[in-house]
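In: when you get a sec, could you give me coordinates for this:
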Amino acid sequence: MPDPAARTRYREQWLADVDGAAELGMSPLPVALGAAAAAVRLAATGPRSVAALLRAPLLPGVSDRLRRWFGIIQLAVSAPYLWAVLLYGYARVRLGLSFEHLVSTPYDPKDLLADWFPLYAMHGLAVVWLAVGGWVAAVALAPIGLVLAQGGRRAARWLPLAGTIAAVAVTLLAASHVGAALRTWMLD
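Out: Below you'll find the model as predicted:
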């Protein structure tokens, strides 16, 4: 709450409510949690709240359609990494191997796929994307997606936001030891 007087008044009132709960035979924890929920609601509905700031577009001339398409592109850039993680999980379940044993032995991920498997072509695209370091594209698009998420409505907000979250996850995966081992296993 930006107003110090209102903040002090609410704090005193809620502390008195928590102290008075014990006198009435109530547990003070639910009263404190209710006060915390009320504080969050007040903060979220205020004119200077984060939610109000997210409704104000940083780029007012950008259409919702463009925002949605950008979010879809962001998610598509991250999709090969999701494919690698899903294939890794499938290999672990099917072969029953530990992570170290799977990536250090000559188990070829292509051998796990049947030729009739509908997403067999996805494997080739994912391998190429992992080889060229596609996570850099995800990182480059993340700040733009975050800016475009502000001011969009419904899918025009959540698609770029989901793409930005996926880009952060892809970056963390690519920079980790697990991501390097997974990339080596996929490219082998």
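
In: next helix or strand past the helix or strand of the chain with the lowest mean pLDDT?
Out: Across the helices and strands of the chain, mean confidence by mean pLDDT, DSSP states H and E is lowest for helix 50-55: a mean of 52. Next helix or strand after helix 50-55 toward the C-terminus (DSSP states H and E): helix 64-95.

In: residue farthest from the centroid of this protein?
Out: Among the C-alpha atoms of the chain, the one most distant from their mean position (Cα atoms, centre = their mean) is that of Glu23, at 44.2 Å.

In: phi first, then psi, for it.
Out: phi -70, psi -30 (degrees, to the nearest 10).

In: before we move on, what about Gly25?
Out: With angles defined as degrees, to the nearest 10, Gly25 sits at phi 80, psi 10.

In: now the closest residue to Tyr88 other than its chain neighbours: how far from Gly134?
Out: Taking Cβ to Cβ, 6 or more residues apart in numbering, and ignoring the residues beside it in sequence, Tyr88 has Leu182 as its nearest neighbour in space, at 5.8 Å. To be clear about C-beta, it is placed using only N, CA and C from the backbone, and glycine gets the same treatment. Per Cβ to Cβ, to the nearest Å, Leu182 is found 13 Å from Gly134.

In: tell me which of the two has more neighbours.
Out: Set side by side, Leu182 and Gly134 give different neighbour counts by other Cβ atoms under 10 Å, the larger being at Leu182 (23 against 20).

In: can I assume the more buried one is in contact with Leu82?
Out: No. Assessed by Cβ atoms under 8 Å, Leu182 is found out of contact with Leu82, at 11.7 Å.

In: per-residue pLDDT, the residue nearest the centre of the chain?
Out: Computing the C-alpha centroid of the chain and ranking residues by Cα atoms, centre = their mean puts Ile165 first, at 3.3 Å. The confidence metric pLDDT takes the value 90 at Ile165.

In: quick one, what contacts it?
Out: Applying Cβ atoms under 8 Å, 6 or more residues apart in numbering to Ile165 gives no contacts.

In: give me the element it is part of.
Out: Under the assignment given by DSSP H and E, the secondary-structure element containing Ile165 is helix 155-175.

In: flag every buried residue along that helix.
Out: Using 16 or more other Cβ atoms under 10 Å as the burial criterion, the residues of helix 155-175 that qualify are 156-167, 170-171, 173-174.

In: which among those gets closest to Gly96?
Out: Distance to Gly96, by Cβ to Cβ, is smallest for Leu173 among the buried residues of helix 155-175, at 23.3 Å.

In: where does the prediction get shaky in this structure?
Out: 1-3, 42-61, 110, 113-120 (pLDDT under 70).

In: could you pull out the buried residues of the helix or strand hosting His123?
Out: Counting by DSSP H and E, the secondary-structure element that holds His123 is helix 120-131. Neighbour-count burial for helix 120-131 flags 122-123, 126-127, 129-130 (criterion: 16+ other Cβ under 10 Å).
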